[in-house]
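Novice: Structure for this input, please:
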Amino acid sequence: MPDVETILNYCVHLDSKPAFKYVYDPPDGTSKSNIEMRPYPAVIHDARGTPLEENACLDENGFKFVRHVASEKTFNDEQRVVNEYYKEIEELVKKTVPGAKRVFIWDHTIRRLEEQPNHMDKGTPRGPAKSVHIDQTYEASVARVRRHLPEEADRLLASRFRIINVWRPIENPVAHHPLGVVNWRSVDPERDFMHTRRFYPTFEGSAFNVRHSDEHEWWYLGSQTPEECTFIKIFDSVDDGGKTARATAHSAFEEKTSPPEAPQRQSIEFELGFINLNVGSEGALPLPVQLACDALSRQAEESPDKWKKVIRGPLTEATRQRIAPLLGANPDELVFVTTTSHSIDMVLSNFEWSSEDTIVYLTTTWKGGRGDVGYIRDKYRVNTSVLEVNFPTTSSAIIESYRAHLRSARSNQFRGRVGQTRQPKLVALIDAICSKPGIKFPWEEMVRICREEGAYSVVDAAHCLGQQVDLNLSKTQPDFWITSCHKWFYVKRGCSLLYVPRRNHHIMKCAFPHNSYPSASTSTLQQRLEGASTRDFTSFLSVNAAFDFRLWLGGERAINSYCHDLALAGGRRMAEIFQTDLMDESGDFTLNMINVRLPLSPSLPETHDIISYVDRKLLVEDKVYGLVFKHNGAWWARCCAQIWNEKKF
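Specialist: Now for the predicted structure:
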């Protein structure tokens, strides 16, 4: 193939301070980075048919092309990759790298990430990052040895060691984003390599970003197949003044000569041809998160007791520490629970009820929450009061009617009870973003009203995490707040977070179900509520991988800006096709879910048979799905916009 003219992203240092970058939101008053990537034109030479195809040398050039037919083809079985493919690569490295007597593989990355449509603006979710870099600095490479082989580190570091990446395509020849490498003979490490500190939530690392130089000589292997590997030298302990290649700059790049129908990389996989417009119900698991879950499951099964008694606790606490700032909460106020309904049930069941107490909820409250309220009502003979909310409406109307309803419920508690001194409990179950219809309530104001009226606020925020930005629970001060992690945040299904501010820790005495009953005065909230020993924690711990994936996409604002705009545009187009309208024409109640009126007769009842028929037709025949429901005398479709959806109209 001919040489490829493309664009490569090189690093520019913006000030005189040491280069750094935070891969998460930095502390207040701290810049996220003092570097930026800028595009430069470059020419990538195709090594196919040249002497370098056979004769490129790791010590001379920093890279080498090696033919190897792997027994593993799809790389979908994580266990087989580790048990079988690792052994093949160890033997291949020993045969390929002179002097390689001991080979240690500490990790692997499987990339199936499809580039997002080019209509997205800068800062919104996009495909694989194409920046010129070297994975680790020299210091970080030495630290790797001490981290993974601490008992052997001194002996190993006394002799030559190298870090080498072995890269290969999966299933198909690589087309749209080949891997380019820089010939060591064309770089000046002192001039080109920029030592960059990288700050992660739980540790600090460092990598080499690379400054642009017209002298860089770029190579790739055109139409590289799964039977061809590229060896990339990341580090060599030999320092002989540049005679031996020490580190290889590399980057993915765009190959515009590839046909559009050539296979792309993918991050999220669905049934072929299926259009998912219902992430708000079951969520969706990106492949990088799924692979991280597989690795956690494997680690748990290798030594279940070690996992339970030594590993799981610190991992869970580190995950809690990482997610807390996104919610504006203290880590010790957060508990991992499987579902939102489970959390609401646990909160309500921990109150000490009497027949004078009252629970207030809304007609839009999800059926799981309504069921929890019904159970408490029947068991403890408490009073319940429901506020009817119908859309379309306005925020001011909701707030006004909610305040009046709470005051009425409080007044009714004292009616006919002369001389009563105990103030009955008033507990309010609030929708933050209700499910049917998919509408954001003014829940922050409703929480404030509860506080003013002396009511406990229990907020069903199942749809908040990953959809509502700038959450600050310490400022809003709900009494209890529950969100789902798997609906919108790309976490493995079966993961929710329960927020209990410190002032209410004493209320939460026990989990349901539980395997012990620790004293509330001598145990932490997490010890009381997360203690089920056989619970699968991989869904909870997948928050880390989901967090990383969302940062890679561009972060919370980028993701939600794209999804919000798409929800509005897609909803308006649907309404145009149906010749109907949107439930929220102003967009004041809309985040990433849109509600479009369907052209169905209002007299058609919402029965189980009708809903089952609609569900089956959409899922099986039409291969598209959004939630269909009836509200305020009309039929509606709730559609959720996500990063894998795009506008084609």
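Novice: helix/strand/coil for residue 233?
Specialist: Of the three states, residue 233 takes strand under DSSP: H, G, I helix; E, B strand; the rest coil.
Novice: Phi first, then psi, for residue 362.
Specialist: Here the main-chain torsion angles of residue 362 (degrees, to the nearest 10) amount to phi -120, psi 160.
Novice: Residues in a beta bridge with it, which ones?
Specialist: Here residue 362 sits in beta bridges with residue 387, going by DSSP bridges.
Novice: Tell me, please, where in the stretch 1-150 of the chain the pLDDT is lower than the cut-off.
Specialist: Within the stretch 1-150 of the chain, the ranges that satisfy pLDDT under 70 run 1, 108-129.
Novice: Let's see that with 50 instead.
Specialist: Within the stretch 1-150 of the chain, the stretches with pLDDT under 50 are 113-127, 129.
Novice: biggest strand in this protein by residues?
Specialist: strand 35-46 (DSSP state E).
Novice: Next, the buried residues of that strand.
Specialist: Under the neighbour-count criterion of 16 or more other Cβ atoms under 10 Å, strand 35-46 has 35, 37, 42, 44, 45, 46 buried. For glycine as for every other residue, the C-beta is placed from the backbone atoms N, C-alpha and C.
Novice: from those, which single one is nearest residue 374?
Specialist: Residue 374 has its nearest neighbour among the buried residues of strand 35-46 in residue 37, at 55.6 Å by Cβ to Cβ.
Novice: Please name the residues that touch that closest one.
Specialist: 9, 10, 11, 12, 131 (Cβ atoms under 8 Å, 6 or more residues apart in numbering).
Novice: sec struct for the residue nearest the centre of the chain, please.
Specialist: In the chain, the centroid-proximal residue (Cα atoms, centre = their mean) is residue 546; its distance is 2.5 Å. Per three-state DSSP, the secondary structure class of residue 546 is helix.
Novice: show me where pLDDT drops low in this structure?
Specialist: Ranges of the chain meeting pLDDT under 50: 113-127, 129, 259-267, 269, 272.
Novice: Domain-wise, how is it divided?
Specialist: 4-74+131-252, 275-283+555-640 (automatic domain parsing).
Novice: from the chain's centre, how far out does the last one sit?
Specialist: Its chain's average C-alpha position is 24 Å from that of domain 275-283+555-640, according to Cα atoms, centre = their mean, to the nearest Å.
Novice: picking that back up, let me know the closest of the buried residues of strand 35-46 to residue 281.
Specialist: Nearest to residue 281 out of the buried residues of strand 35-46 is residue 37 (Cβ to Cβ; 37.5 Å).
Novice: Please report the distance of that closest one from residue 232.
Specialist: 20 Å (Cβ to Cβ, to the nearest Å).
Novice: Same question for residue 588.
Specialist: Taken as Cβ to Cβ, the span from residue 588 to residue 232 is 52 Å.
Novice: These two: who's more crowded?
Specialist: The neighbour count for residue 588 versus residue 232, taken as other Cβ atoms under 10 Å, is higher for residue 232 (22 against 11).
Novice: Would you check that the more buried one makes contact with residue 249?
Specialist: No: at 9.4 Å, residue 232 and residue 249 do not qualify as touching, with contact defined as Cβ atoms under 8 Å.
Novice: Need the residues touching each of these two.
Specialist: Between them, residue 232 and residue 249 share the contacting residues residue 181, judged by Cβ under 8 Å, 6+ apart.
Novice: what's near enough to touch residue 548?
Specialist: Counting by Cβ under 8 Å, 6+ apart, the residues that residue 548 touches are residue 288.
Novice: Could you measure from the closest residue to residue 299 other than its chain neighbours over to residue 378?
Specialist: Sequence neighbours aside, residue 307 is the residue nearest to residue 299 in space, at 6.5 Å (criterion: Cβ to Cβ, 6 or more residues apart in numbering). Look at residue 307 and residue 378: by Cβ to Cβ, they are 40 Å apart.
Novice: Tell me which of these two has more neighbours.
Specialist: residue 307 (18 against 9).
Novice: Please enumerate the helices of the stretch 51-200 of the chain.
Specialist: 51-55, 78-80, 86-96, 138-148, 153-157, 189-192 (DSSP state H, counting those that start in this stretch).
Novice: closest one to residue 220 among those helices?
Specialist: Of all these, it is helix 51-55 that lies closest to residue 220, at 10.3 Å by Cβ to Cβ.
Novice: Which residues outside the closest one are in contact with it?
Specialist: With contact meaning Cβ under 8 Å, 6+ apart, helix 51-55 is reached by 47, 61, 65, 219, 221.
Novice: Return the set of buried residues in stretch 463-479.
Specialist: Buried-residue list, stretch 463-479, by 16+ other Cβ under 10 Å: 463, 464, 465, 466, 467, 468, 471, 473, 476, 477, 478, 479.
Novice: With distance to residue 336 as new columns, can the contacts of helix 51-55 be given to me in CSV?
Specialist: Formatted as CSV, the contacts of helix 51-55 follow (distance: Cβ to Cβ, whole Å):
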residue, distance to residue 336
47, 50
61, 49
65, 46
219, 48
221, 45
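Novice: most neighbours, which of these?
Specialist: Highest count within the contacts of helix 51-55 by other Cβ under 10 Å belongs to residue 221, 25 neighbours.
Novice: Straight-line length of stretch 447-463, end to end?
Specialist: With Cα to Cα, to the nearest Å as the measure, the ends of stretch 447-463 fall 17 Å from one another.
Novice: Can you list the buried residues in that stretch?
Specialist: Quick answer for stretch 447-463 (16+ other Cβ under 10 Å): 447-450, 453, 455-463.
Novice: try stretch 566-584
Specialist: For stretch 566-584, using 16+ other Cβ under 10 Å, the buried residues are 566-568, 570-572, 574-575, 580-584.
Novice: got it, and stretch 166-183?
Specialist: The neighbour-count check on stretch 166-183 (16+ other Cβ under 10 Å) flags 166-170, 173-183 as buried.
Novice: Narrow these to those in strands?
Specialist: Taking DSSP E, the ones among those that sit in strands are 166, 167, 179, 180, 181, 182.
Novice: Contacts only, for the first one.
Specialist: Taking Cβ under 8 Å, 6+ apart as the criterion, residue 166 is in contact with 89, 92, 93, 229, 230, 231, 232.
Novice: can you rerun that using 6 Å?
Specialist: 89, 229, 231 (Cβ atoms under 6 Å, 6 or more residues apart in numbering).
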